[in-house]
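> Just a sequence and a predicted model for now, questions to come.
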Amino acid sequence: MASAAALVLTGCERKPPDVALSVQSDGDFPIFTPAELSVPTGAHVKLTFHHAGTILSQTHNWILVKPGMAEAVDMDGMDAGEQSNWLKKDDPRVIAATPLIEKGASVTIEFTAPAPGDYPYICTTPGHSEDMHGILHVTRN
Ligand SMILES: [Cu+2]
């Protein structure tokens, strides 16, 4: 694995960029804003997620999944329960995940942008993903 990574790096003239992204709930509505984000492949991403609610006390998370996997991850998360962040443990379909946060809170996570493609993000609090979803567009460098 290490040698493969070194080959990729030497074949690329540019160092992967650091990219800061922000996403939040639409106030008390279980909707992500923005619903679309974009980042170049290989970037070192620092994503800050903010729960902008002030009234309702339901918690939210931000879960980035492989293409086509949002529904399955959401379903399995429901079985896993709230104490597990509404996520199946060590789910290989999950690329990045924040913990559940309360209204008014923010959390920052770091991850490496995956291969180019369109990756869904959802909140796995039961009943939220139908409206609380978006797409991370991972572009070629
Ligand atoms: Cu939510």
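Nice, thanks for sending it over. Small disclaimer: the values here were computed from a predicted structure and weren't measured. Numbering: from 1, shown residues only.
> Around the ion, which positions in this structure sit nearby?
30, 60, 123, 125, 128, 132 (Cβ under 5 Å from the ion). (Glycine included, C-beta is placed from N, CA and C.)
> where exactly do the strands run in this structure?
18-26, 29-33, 36-40, 44-50, 63-65, 94-97, 106-112, 117-122, 133-139 (DSSP state E).
> Quick check: can you name the pairing partners of the third one and their directions?
Right, strand 36-40. Partner strands and pairing direction for strand 36-40 (DSSP bridges) are strand 133-139 (parallel).
> Restricting to C-alpha, output the partner strand in CSV.
Extracted C-alpha coordinates of strand 133-139, given in CSV (Å, rounded to 0.1, in the frame of the first residue of the first chain):
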residue,chain,number,x,y,z
HIS,A,133,-29.4,14.8,2.4
GLY,A,134,-26.9,16.3,-0.1
ILE,A,135,-24.2,15.5,-2.6
LEU,A,136,-20.4,16.0,-2.3
HIS,A,137,-19.0,16.3,-5.8
VAL,A,138,-15.5,15.0,-5.8
THR,A,139,-13.7,16.4,-8.9
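> Now tell me what touches the helix ranked longest in the chain from outside.
For the chain, the helix with the greatest residue count under DSSP state H is helix 70-80. Applying Cβ atoms under 8 Å, 6 or more residues apart in numbering, the contact partners of helix 70-80 are 63, 65, 84-89, 91, 93-94, 120, 122, 124, 126, 129, 133.
> same question, stretch 96-112
16, 28, 42-57, 59-64, 82, 85-87, 95, 125.
> Might you list the low-confidence residue ranges for this structure?
1-14 (pLDDT under 70).
> Count the residues that sit near Gly134.
By the measure other Cβ atoms under 10 Å, the count of residues near Gly134 is 19.
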